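Engineer: Model the structure of this input:
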Amino acid sequence: MSVKLSKVSKNGSGLNIEWSDGKKSNFNFMWLRDNCPLDMDEDTRERTFNILEVSENIHPKEYKINVDGKLEIEWSEGNHTSFYDPNWLRKNCYTLKEKYISPYKLWDSKLNSNLESISIDYENIMQSDEDLIQWLNLLHEKGFSIVKNSPTEKKSALPLLNRISHIRETFFNTPFEVISIPKPNNLAYTSKRLVNHMDLPYYELPPGYQFLHCLVNNAEGGMSRAVDGFFVADYLRNNDPETFKTLTRVPVVFVNRDYTQDKKRLYHAQEITLNKDGDYNDIRFSVPTMGIMDCPPEDMEKFYKAHYKFGKLLHDKRFMVEFKLKEGDIFCFNNRRVLHGRTEYDPNTGHRHLQGYYLDRDEIISRLHYLKKAEF
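Structural biologist: Down below sits the predicted model:
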């Protein structure tokens, strides 16, 4: 966008701007002073001006559109003059803010017939930034991808994940071994069926993404399952707003009582949380680690009816994808959006060994911003 400033005038505690395309904006005085482009460190690109060092009554002593077409302001305090490029002002204008568009592409069981659309080859990601961007877009927009043809040696997923960023460590260690073991400390370390769930909901900030690297999978059973929690939440929002409201309002308690740990983890959070734009942020659902509900008495029946309905939908075949991981596959998903599970498998018929890794959601998004040369 290339626009010009046509007119500037004072209005209360801000400046009115008229643009060359007929649009109008208003910029608060303190906002303008706080965001002066000259008050940024050249190396760190961090703000050097401290708004607390001026009064709340700071205002332009003089202002004009200068010969370069920039907004020039001489401030009433601090012996400082600011210059604002019109394109920068328009891009950051909060009074002409564009309508929010969700970056998420929701999906249901129809994805079963088109898993190729979310699959990408390991070597392509390793060799090409364009393919890395494609993979990160899949993870960000759909929250789900399968990397194909990766090496099958232990820890061989690490070079791929390091193409993104560093690993998120947890008490499960990295990588964690998803195999059936004696006296397990987690249901994942058995051959039993796993209901669809989020990992580590008892953390204040559960890991954003999970990567399950299949080293071998020749036992009978053990089908992987995935469901887009955002899709199911959206279904409820459109078809049962009271249930949706309850799930966004009433906190659930999640507890970890792992006998191998010297800690007991507990956290309260709603099963559906929204971001500042009302879009979906987290789906926090886990039957195995849900603690004893302690909400107010008047909410208990409402909550359980809503929780029951949500859980049923999260296991409804209309919304689920089911597939069998092959050796060299890496099942990648947004842990705070896509719930995952598996069918029971028979360890007497073969072996099933996955290695698991976590990354924070920030790392996926920030790497994508960097590769796309985003400016903000």
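
Engineer: Helices along the stretch 51-200 of the chain, start to end?
Structural biologist: Per DSSP state H, counting those that start in this stretch, the stretch 51-200 of the chain carries helices over the ranges 86-91, 122-127, 129-141, 158-161.

Engineer: I meant the stretch 251-376 of the chain, not that one.
Structural biologist: Counting by DSSP H, counting those that start in this stretch, the stretch 251-376 of the chain has these helices, from start to end: 297-314, 361-371.

Engineer: and residue 346, how far is that from residue 217?
Structural biologist: From residue 346 across to residue 217, the span is 12 Å (Cβ to Cβ, to the nearest Å). Yep, even glycine has a C-beta here, placed from its N, CA and C like the rest.

Engineer: low-confidence ranges in the stretch 1-150 of the chain?
Structural biologist: Within the stretch 1-150 of the chain, the segments meeting pLDDT under 70 span 1.

Engineer: What segments of it are strands?
Structural biologist: Secondary structure of the stretch 1-150 of the chain, counting by DSSP state E, counting those that start in this stretch: strands at 5-11, 14-19, 24-28, 60-65, 71-75, 81-84, 119-121, 144-148.

Engineer: Rebuild these as JSON lines, extending it with mean neighbour count and distance to residue 283.
Structural biologist: Below are these laid out as JSON lines (neighbours: other Cβ atoms under 10 Å; distance: least, Cβ to Cβ, whole Å):
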{"stretch": "strand 5-11", "mean neighbour count": "14", "distance to residue 283": "44"}
{"stretch": "strand 14-19", "mean neighbour count": "19", "distance to residue 283": "40"}
{"stretch": "strand 24-28", "mean neighbour count": "17", "distance to residue 283": "37"}
{"stretch": "strand 60-65", "mean neighbour count": "15", "distance to residue 283": "47"}
{"stretch": "strand 71-75", "mean neighbour count": "19", "distance to residue 283": "44"}
{"stretch": "strand 81-84", "mean neighbour count": "17", "distance to residue 283": "41"}
{"stretch": "strand 119-121", "mean neighbour count": "16", "distance to residue 283": "23"}
{"stretch": "strand 144-148", "mean neighbour count": "22", "distance to residue 283": "13"}
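
Engineer: will you turn the ones you listed into TSV that also has distance to residue 210?
Structural biologist: Shown next, in TSV, are these (distance: least, Cβ to Cβ, whole Å):
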stretch	distance to residue 210
strand 5-11	49
strand 14-19	46
strand 24-28	42
strand 60-65	51
strand 71-75	47
strand 81-84	44
strand 119-121	17
strand 144-148	11
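
Engineer: hmm, back to that, how about the helices of the stretch 251-376 of the chain in a markdown table, adding mean neighbour count, distance to residue 9 and mean pLDDT?
Structural biologist: Below are the helices of the stretch 251-376 of the chain laid out as a markdown table (neighbours: other Cβ atoms under 10 Å; distance: least, Cβ to Cβ, whole Å; pLDDT from 0 to 100):
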| stretch | mean neighbour count | distance to residue 9 | mean pLDDT |
| --- | --- | --- | --- |
| helix 297-314 | 15 | 52 | 98 |
| helix 361-371 | 16 | 36 | 96 |
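
Engineer: would you list those in CSV and tack on distance to residue 238?
Structural biologist: Output for the helices of the stretch 251-376 of the chain, formatted as CSV (distance: least, Cβ to Cβ, whole Å):
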stretch, distance to residue 238
helix 297-314, 12
helix 361-371, 25
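
Engineer: quick one: which of those is nearest residue 172?
Structural biologist: Ranking the helices of the stretch 251-376 of the chain by proximity to residue 172 (Cβ to Cβ) places helix 361-371 first, at 17.9 Å.

Engineer: Which neighbouring elements make contact with the closest one?
Structural biologist: Counting by 3 or more Cβ pairs under 8 Å, 6 or more residues apart in numbering; DSSP states H and E, the packing neighbours recorded for helix 361-371 are helix 129-141.

Engineer: Report the buried residues of the helix it packs on.
Structural biologist: Across helix 129-141, burial judged by 16 or more other Cβ atoms under 10 Å covers 131, 132, 135, 136, 137, 138, 139, 140, 141.

Engineer: ok, so of the residues you listed, who is nearest residue 209?
Structural biologist: Ranked by distance to residue 209 (Cβ to Cβ), these are led by residue 139 at 6.5 Å.

Engineer: tell me the domain boundaries of this structure?
Structural biologist: 5-91, 109-371 (automatic domain parsing).

Engineer: In TSV: the ones you listed, plus distance to residue 100.
Structural biologist: Converted to TSV, the domains of the chain look like this (distance: least, Cβ to Cβ, whole Å):
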stretch	distance to residue 100
domain 5-91	16
domain 109-371	4
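
Engineer: from these, which stretch is densest packed?
Structural biologist: Across the domains of the chain, the average number of neighbours (mean count of other Cβ atoms under 10 Å) peaks for domain 109-371, which reaches a mean of 17.
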